[in-house]
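Colleague: Quick one, what's the 3D model for this:
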Amino acid sequence: TQDPEVKETLESISREIQRLNQITESYLVRARVNVADQKRAPVNEIIQEIVSFDREEQSNIAIEADLWPEEIFVKSDRSRLKQAFINVMKNAREAMPRGGKLKVKTEQVANGTRVQFIDSGTGMNESIKRQSFQPFFTTKSNGTGLGLALTKEIVEEAQGSIHCESEVGRGTIFTFDFPV
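Modeller: Coordinates of the predicted model:
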């Protein structure tokens, strides 16, 4: 028993948000940060910001943050690194439309820093997984296919790497590795 005018307005707002998101993503893909200007980005702090905001937004997804006891720093622009993490978290949310569990883990490893996003979502087959970092590849009707391509670019700017493991029906793990 929703007012048709309210429904139409909300749908219009939703379409406009999607359009603005596509514009923002295309600008972010083109944005470049001079490596000489890069600072040290606090990984745990960024994760905590994203997780606390996401918890307010999503009630049907249980988010667990397993953070290294001391702050970990990555040589990267803070806002770009945050964007990379947000992109992966957004994909995890969209892979769990009926709810699920997302674990975000940070740790120091022998050769640097590791950040993992582990979801209980729908997972990806080999073909989709292989193409997931290609610009403009998407499985979503309203997606741009730029999120993971941008994420990979940001990680590589920080001399890091990103790896994806996934199994249909079992979920996906995105692993970010950054050098010391």
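Colleague: Flag every buried residue along stretch 149-163.
Modeller: Buried residues in stretch 149-163, counted by 16 or more other C-beta atoms under 10 Å: 149-155, 157-158, 160, 162. C-betas here are computed from N, CA, C, even on glycine.
Colleague: Throw those into JSON lines and include secondary structure, pLDDT and distance to Pro42, thanks.
Modeller: Shown next, in JSON lines, are those (DSSP: H, G, I helix; E, B strand; the rest coil; pLDDT from 0 to 100; distance: C-beta to C-beta, whole Å):
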{"residue": "Ala149", "secondary structure": "helix", "pLDDT": "81", "distance to Pro42": "25"}
{"residue": "Leu150", "secondary structure": "helix", "pLDDT": "84", "distance to Pro42": "21"}
{"residue": "Thr151", "secondary structure": "helix", "pLDDT": "88", "distance to Pro42": "19"}
{"residue": "Lys152", "secondary structure": "helix", "pLDDT": "90", "distance to Pro42": "22"}
{"residue": "Glu153", "secondary structure": "helix", "pLDDT": "88", "distance to Pro42": "21"}
{"residue": "Ile154", "secondary structure": "helix", "pLDDT": "88", "distance to Pro42": "16"}
{"residue": "Val155", "secondary structure": "helix", "pLDDT": "90", "distance to Pro42": "16"}
{"residue": "Glu157", "secondary structure": "helix", "pLDDT": "88", "distance to Pro42": "17"}
{"residue": "Ala158", "secondary structure": "coil", "pLDDT": "90", "distance to Pro42": "13"}
{"residue": "Gly160", "secondary structure": "coil", "pLDDT": "93", "distance to Pro42": "15"}
{"residue": "Ile162", "secondary structure": "strand", "pLDDT": "92", "distance to Pro42": "19"}
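Colleague: Mean pLDDT per helix and strand in the chain: which one sits at the bottom?
Modeller: Among the helices and strands of the chain, helix 126-131 carries the lowest confidence by mean pLDDT, DSSP states H and E, at a mean of 70.
Colleague: next structured bit after whichever helix or strand Lys103 is part of?
Modeller: Element membership for Lys103 (DSSP states H and E) is strand 100-109. Next in sequence after strand 100-109, counting helices and strands by DSSP H and E, comes strand 112-119.
Colleague: And the average pLDDT for that next one is what?
Modeller: Here strand 112-119 scores 95 as its mean pLDDT.
Colleague: I'd like to know which elements the strand holding Lys103 is packed against.
Modeller: helix 43-57, strand 61-66, helix 78-94, strand 112-119 (3 or more C-beta pairs under 8 Å, 6 or more residues apart in numbering; DSSP states H and E).
Colleague: What are the contacting residues of it?
Modeller: The contact list for strand 100-109 (C-beta atoms under 8 Å, 6 or more residues apart in numbering) reads 43-44, 47, 51, 60-68, 72, 89, 92-93, 96, 113-121, 171, 177.
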